[in-house]
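> Dropping a prediction and its sequence here:
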Amino acid sequence: MRFNKQSNEWENVGNPIICKNVVIADGAKILGPVIIGENSVVAAGAIITKDIPADSIPYGVNQLKPKDTNYDLVFNPKMLNSEKIIEANKKLIEKFNKK
């Protein structure tokens with residue numbers, strides 16, 4: 001928020017509005033009177049000062065790309081069980097050790 005001495009009025013007044021099903025990752029900053037549209041995922045470390053449309057992935061400083069509706073980025077009811085995740089990590093470690 002800032003006061004414009006020429007117009008004698010306050011500008012940029014208000015707080016962010018976060019719509020339904022929005023995920024905000026660690027370190028992201030959403031500043032001022034902006035709207036983050038439904039089903040968006042704000043990337044880690046993003047700095048957002050402009051409105052974001054629904055189904056978007058805002059990142060960096062006011063950058064965004066549309067969210068691919070064929071993928072869930074954070075949660076899905078068919079989540080992997082821990083054994084599958086451990087197995088995937090073991091394969092990755094084996095690949096790393098071969099280099």
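Sure thing, it's come through.
> now the most centrally placed residue in the chain: how far from residue 16?
By CA atoms, centre = their mean, the chain has its centre lying nearest to residue 42, at 0.9 Å. Here residue 42 is placed at a distance of 10 Å from residue 16 (CB to CB, to the nearest Å). Any C-beta I mention is one placed from the backbone N, CA and C, and that applies to glycine too.
> okay, and the common contacts of these two?
Residues touching both residue 42 and residue 16 (CB atoms under 8 Å, 6 or more residues apart in numbering): 30, 36.
> how about the strands in the chain?
Remark: strands assigned in the chain by DSSP state E are 2-4, 9-11, 17-18, 23-24, 29-30, 35-36, 41-42, 47-48, 56-59, 63-66.
> nearest to residue 98, of these?
Minimum separation from residue 98 across the strands of the chain (CB to CB) falls at strand 56-59, 32.6 Å.
> Show me what the closest one is packed against.
strand 41-42, strand 63-66 (3 or more CB pairs under 8 Å, 6 or more residues apart in numbering; DSSP states H and E).
> where in the chain is pLDDT low?
The chain contains residues with pLDDT under 70 at 75.
> correct me, but residue 32 touches residue 17?
No: assessed by CB atoms under 8 Å, residue 32 is found out of contact with residue 17, at 10.8 Å.
> what do these two both touch?
By CB under 8 Å, 6+ apart, no residue touches both residue 32 and residue 17.
> Now do the contacts for residue 61.
46, 47.
> And it, how close does it get to residue 29?
10 Å.
> Which neighbours do those two have in common?
Joint contacts of residue 61 and residue 29 (CB under 8 Å, 6+ apart) are 46, 47.
> follow-up on the earlier one: return the most buried member of the helices and strands packed on strand 56-59.
Among the helices and strands packed on strand 56-59, strand 41-42 has the highest mean neighbour count (mean count of other CB atoms under 10 Å), at a mean of 22.
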